[in-house]
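Peer 1: here is the input, now give the coordinates:
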Amino acid sequence: MYLPRPLLPHLYSTLLNTLTPSSSPLLLLTAPTVDAICALRILTAQLKRDFIPHKVRPVGGYAELQKAGDEEVKGMMKTAGGEGGVVVCLGCGGGVDVGEMLGLTSDGEDVDGEGVEGENAGHGVEVWVVDAHRGWNLENVFGGNVAARRGVEQGKLLSTYRPRAAGGVIVWDEGDIETDLQAEREAYFALQGMPEITEEDLVAAEDDEDDVEEGAAEIGDDDAVEPPSSQTRKRKASSQDSNADSDIDSADDRPARRRRSNSGLPIPSSPTSAQPPPSSQPDSPSAIVPSSPPARRITTQKQLRRQLLKLRRKHEATLEAYYDRGSWTGEPVSSILYSLVSELGREDNEVLWLAVVGAESVQLSHFTTVERARRSNSMTKLEPLKAVLRDEVRRLNPPATARRRAGVASNDVPVSARSATDTSIRLSPEPRFALIRHWSLLDSMLHPPYLATRLHIWNEPGRKRLNKLLAKMGISLQEAGKGYLHLDLEVKRTLGRRVGKFAEQYGLEGLVPEESGGEGGRGWGFVRSWGWRGTLSAGDVVAIVSAILEVGPVTNALNGDLGRPDTSQPERSYNHRATALPSPPHSSDSGQNPDEANPATSSENLTTHRFFAAYDALSPTSTTSSHLHNPQHTHTQQGLPALLTHLPLAQHLSRAILRTGSALISKNQIRHLRSFRLEIVKEGPDLGVFVDPGALVKLGGWVGEAVGVLEGEKRGAGGKGGGKGGEGEGDGALVLGCLDEGRGVYVVVGLGSGGARGGRGVDGGKVRTKAEIKEREEGRKRKVAARLARKAERAREKEQQKLAKRERDAANGLLDSDDEEEAGSDATESDASSSSGSSGSSSDSSSDERADVSKGKRKGGAQRSLFALAFQAVVAETGARVRIDSFEHSVVEVRKEDLAGFLEGLSLRSLVG
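Peer 2: Okay, here's the model as predicted:
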């Protein structure tokens, strides 16, 4: 079943009304992602406000999700002696049959149990699925024996819905189910009412019918044989009857034939019959009754079976086409929870900030593959969401009052609060730099993928190019090496204009967002202050929290081991810490290396440790308190202190990505296969960092963007379609693997052109060189000039026709003096309108050009990742030992010995759709 978005508060209110003091606590199963943890923070704040008991359990993959079902959910089932309850899946469960995964169903049993006599009938557990992974498992969306439920219409929950003892799965719809899955819903419910029939059943039924017909024919032959004694007598009687019938027929044959030849009209005089006309004899066999219907064609059982099989195949093909679309990303989970809070009238800055951070994490994630908005193919669905969040920031934090209090230019990047008690959220023209408030200007420009790949930072000429850019901006290397807080005020005030002045020359369009009078526009970021204690942007928080989840928290953060890094030897200090870190979280190590399993550093404990460290970092309060989930430490930091403590961790992860990516590019280790690019990381000082899929996909995004830039430059140098890979290879897929020596497996991630940000432009387009950009601008100008010339030519022709008409009227004496004056005024107005039209046509032509561009993008459509389908197909074909356990289906683990065969089978498949 699925819940429409307007009914989110109805479901929550129903939960409040049905809870009792003896009810089981809500079980919150949460994926270890920034977006899911932000949504968890929003939901737990509402549950605490309404005094609803709840329990949080992180799940890192499908194995842990199934284990949570065995340990937690089965004890809640009424059939097992429990009281029933509600399970909320945040960021997980949308791509599989979650009822079966949690143990609520068995083979052949319904998820609800209504009308089904089974062991789990009426389990009383209701599962809420709030997930951004697409596509959906349609069993979650439309399943659940909805025909026997009240308040449910074809899987859609109505306002009359009330929880039942049977339980079930409820998917929270962001709006795409209601609008985009109409054909799938019709096909799903049509198949529910159809009997199971296959081609084998059809062949078997035809064989049975043939046997029945043969038996009937044998019986008819036996009945046709008569005894000899009565045969003669019957033959005589039949001969007499036949003679009498022939006499009657001979009298009626000719008139009947004549009437048929004359279209059934009566004959006035007949030599053989004095009967009345046939119109007066309705019972006559030769009479034609106009109103008699034609004889119906009888449909045989064989034809009915074939029609049923054809219809079933049609509906199955509809569902199969949906599952074959691949994977993409829907609306962030935190945004959906913020919608619930907003409908309840409980929104504030704390909840809004969590929604902003969650949406920012989805936008910055290289796993994200978003579709285009319905009404605008030039922007993705995330951009309208960011615009709504900016409106919410303006509503809860009025910008006019903020500017009056600040007294600074609107295009400044905020670095501090306005007062000691300032906790507001502000809009900021954030440049695409990395951790700019907490790093030097040189480092913040050196490490982000967008700037580093376009300047070729991986080699010495690229470093010189960056230094030259700083020199043109009027910033010395000594000044750029300072922290951003200590930069000259004039440099900070004019940084955006200085970068924008030389952005086009270095191919850095979009590096700094456009100014819009301080009100915030497209590309503007979000900044929040915690008084004088610190100021962070949403991107900074995402970088820090994701580093905690991917690399691991600082175990002795209070002692300042990582809070104050060794600046003299940062690389060695970081490598020492990286090698001392345990392996990244894995859902299950069964079947990998059972002899090397260590209970102290098991994957589940590691996932839990990292999860709650990130959960504490997103706390709205800044405290140092006892940690209930980590018994190894007596105290932990929450909120802003935890973020600032783990800030060096995010910086060192950025350094590792730059270091490893530069080595891969400079050594030409990227291999171009038939359908994707391949890179395997087998050695290096940061090998232990990239065994985590999250860190590995960040490295893949950096490498993919660098390869896209290089291939774009090759196309620019060799002409259109030139270069090694041809025109379209810059938008191809990337497969990146990293060796986990401890477990003897390769962690492999797949990034398509829609999901990876490698090879993508500012608005999601392919990377273009300066020559390509200049050529496009010149082509656009030529198109505008041609359009203006055509419009002016049409205006001249129209004016000439009007003048000729006036001359004819004047020659014929049909034009009065008043008409002449009006004609003169019309000519003057036409001249003015033509001049104004020429000035306004440029804007119209620019809008037409944007429409043409969007039209071209519409042809390509939104690309989706097909890695999940390709991985499963390759495993079935090659028999490679592969574990697909992550909620991100483009992440797999391959045994070291099976990697070659796995990649060979993968190279024959299409990975981007």
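
Peer 1: right, and the helix or strand after the helix or strand of the chain with the lowest mean pLDDT?
Peer 2: Here the helix or strand of the chain ranked lowest by mean pLDDT, DSSP states H and E is helix 570-580, holding a mean of 37. Next along the chain after helix 570-580, taking DSSP states H and E as the criterion, comes helix 603-617.

Peer 1: elements contacting that following helix?
Peer 2: helix 34-49, strand 54-58, helix 62-68, helix 538-551, strand 636-637, helix 640-645 (3 or more CB pairs under 8 Å, 6 or more residues apart in numbering; DSSP states H and E). Quick note: C-beta positions are derived from backbone N, CA and C, even for glycine.

Peer 1: the closest residue to residue 502 other than its chain neighbours and residue 158, how far apart?
Peer 2: Distances taken as CB to CB, 6 or more residues apart in numbering put residue 472 closest to residue 502, at 5.3 Å, once the chain neighbours are dropped. With the distance defined as CB to CB, to the nearest Å, residue 472 ends up 63 Å from residue 158.

Peer 1: check residue 493 too.
Peer 2: Applying CB to CB, the value for residue 493 to residue 158 is 57 Å.

Peer 1: what residues sit buried inside stretch 786-805?
Peer 2: Neighbour counts over stretch 786-805 (16 or more other CB atoms under 10 Å) mark 787-788, 791 as buried.

Peer 1: so which of those residues is the closest to residue 197?
Peer 2: residue 787 (59.3 Å; CB to CB).

Peer 1: doesn't the closest one lie inside a helix?
Peer 2: Yes. Membership of residue 787 in a helix is supported by DSSP: H, G, I helix; E, B strand; the rest coil.

Peer 1: and it, how far is that from residue 795?
Peer 2: 13 Å.

Peer 1: all strands of the stretch 251-400 of the chain, in order?
Peer 2: Under the criterion DSSP state E, counting those that start in this stretch, the stretch 251-400 of the chain carries strands at the ranges 328-329.

Peer 1: helices of that one, start to end?
Peer 2: Remark: helices assigned in the stretch 251-400 of the chain by DSSP state H, counting those that start in this stretch are 301-323, 333-343, 349-364, 382-396, 399-406.

Peer 1: which one of those lies closest to residue 431?
Peer 2: So among the helices of the stretch 251-400 of the chain, helix 349-364 is nearest, using CB to CB, at 14.6 Å.

Peer 1: what is the closest one packed up against?
Peer 2: Using 3+ CB pairs under 8 Å, 6+ apart, helix 349-364 sits against helix 34-49, helix 333-343, helix 382-396, strand 425-428, strand 525-529, helix 538-551.

Peer 1: can you list the ones you listed in CSV and add mean pLDDT?
Peer 2: Listed next are those as CSV, based on pLDDT from 0 to 100:
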stretch, mean pLDDT
helix 34-49, 95
helix 333-343, 95
helix 382-396, 89
strand 425-428, 89
strand 525-529, 91
helix 538-551, 93
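
Peer 1: can you put those in JSON lines and add distance to residue 23 and mean neighbour count?
Peer 2: As requested, these are exported to JSON lines (distance: least, CB to CB, whole Å; neighbours: other CB atoms under 10 Å):
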{"stretch": "helix 34-49", "distance to residue 23": "13", "mean neighbour count": "23"}
{"stretch": "helix 333-343", "distance to residue 23": "20", "mean neighbour count": "24"}
{"stretch": "helix 382-396", "distance to residue 23": "33", "mean neighbour count": "18"}
{"stretch": "strand 425-428", "distance to residue 23": "36", "mean neighbour count": "23"}
{"stretch": "strand 525-529", "distance to residue 23": "36", "mean neighbour count": "24"}
{"stretch": "helix 538-551", "distance to residue 23": "32", "mean neighbour count": "25"}
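
Peer 1: any idea which of the ones you listed gets closest to residue 90?
Peer 2: When the helices and strands packed on helix 349-364 are ranked by proximity to residue 90 (CB to CB), helix 34-49 comes first, at 4.7 Å.

Peer 1: by how many degrees do the closest one and helix 603-617 diverge?
Peer 2: Computed by axes from the mean of the first three to the mean of the last three CA atoms, to 10 degrees, the angle separating helix 34-49 from helix 603-617 equals 70 degrees.

Peer 1: using PDB, write out every CA atom in helix 34-49.
Peer 2: The C-alpha trace of helix 34-49 is given here as PDB (Å, rounded to 0.1, in the frame of the first residue of the first chain):
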ATOM      1  CA  VAL A  34      23.500  11.500   6.100                       C
ATOM      2  CA  ASP A  35      20.000  12.000   4.600                       C
ATOM      3  CA  ALA A  36      18.500   9.100   6.600                       C
ATOM      4  CA  ILE A  37      20.200  10.300   9.900                       C
ATOM      5  CA  CYS A  38      18.800  13.800   9.300                       C
ATOM      6  CA  ALA A  39      15.300  12.200   8.800                       C
ATOM      7  CA  LEU A  40      15.800  10.200  12.000                       C
ATOM      8  CA  ARG A  41      16.600  13.300  13.900                       C
ATOM      9  CA  ILE A  42      13.400  15.000  12.600                       C
ATOM     10  CA  LEU A  43      11.200  12.000  13.400                       C
ATOM     11  CA  THR A  44      12.700  11.400  16.900                       C
ATOM     12  CA  ALA A  45      12.200  15.000  17.800                       C
ATOM     13  CA  GLN A  46       8.400  14.700  17.000                       C
ATOM     14  CA  LEU A  47       8.200  11.300  18.900                       C
ATOM     15  CA  LYS A  48       9.800  12.800  22.000                       C
ATOM     16  CA  ARG A  49       7.400  15.800  21.800                       C
END
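
Peer 1: for the remainder of this discussion, apply numbering that starts at 8.
Peer 2: Noted, 8 is the first residue going forward, which turns the last one into helix 41-56.

Peer 1: quick one: list the elements packing against it.
Peer 2: Counting by 3+ CB pairs under 8 Å, 6+ apart, helix 41-56 packs on strand 33-37, strand 61-65, strand 92-97, helix 340-350, helix 356-371, helix 545-558, helix 610-624.

Peer 1: what angle do it and helix 340-350 make?
Peer 2: Following the same axes, to 10 degrees, one obtains 30 degrees for the angle between helix 41-56 and helix 340-350.

Peer 1: burial of residue 134, as a residue count?
Peer 2: Residue 134 has 27 neighbours, counted by other CB atoms under 10 Å.

Peer 1: same question, residue 136
Peer 2: By other CB under 10 Å, the residues close to residue 136 number 26.

Peer 1: what does residue 818 give?
Peer 2: Residue 818 has 9 neighbours, counted by other CB under 10 Å.

Peer 1: among the helices and strands packed on helix 356-371, which is nearest residue 907?
Peer 2: Closest of the helices and strands packed on helix 356-371 to residue 907 is helix 545-558, at 27.7 Å (criterion: CB to CB).

Peer 1: for that closest one, packing partners?
Peer 2: Against helix 545-558 (3+ CB pairs under 8 Å, 6+ apart) you get helix 41-56, helix 356-371, strand 532-536, helix 610-624, helix 647-652, helix 654-673, helix 700-725.

Peer 1: one step back: which one of the buried residues of stretch 793-812 is nearest residue 370?
Peer 2: For the buried residues of stretch 793-812, the minimum distance to residue 370 (CB to CB) is 35.5 Å, reached by residue 794.

Peer 1: ok, and what's touching stretch 531-548?
Peer 2: Applying CB atoms under 8 Å, 6 or more residues apart in numbering, the contact partners of stretch 531-548 are 356, 360, 363-364, 367, 371, 396-397, 400, 420-437, 442, 444-445, 520, 523, 625, 629, 646-647, 650-651, 654, 657.
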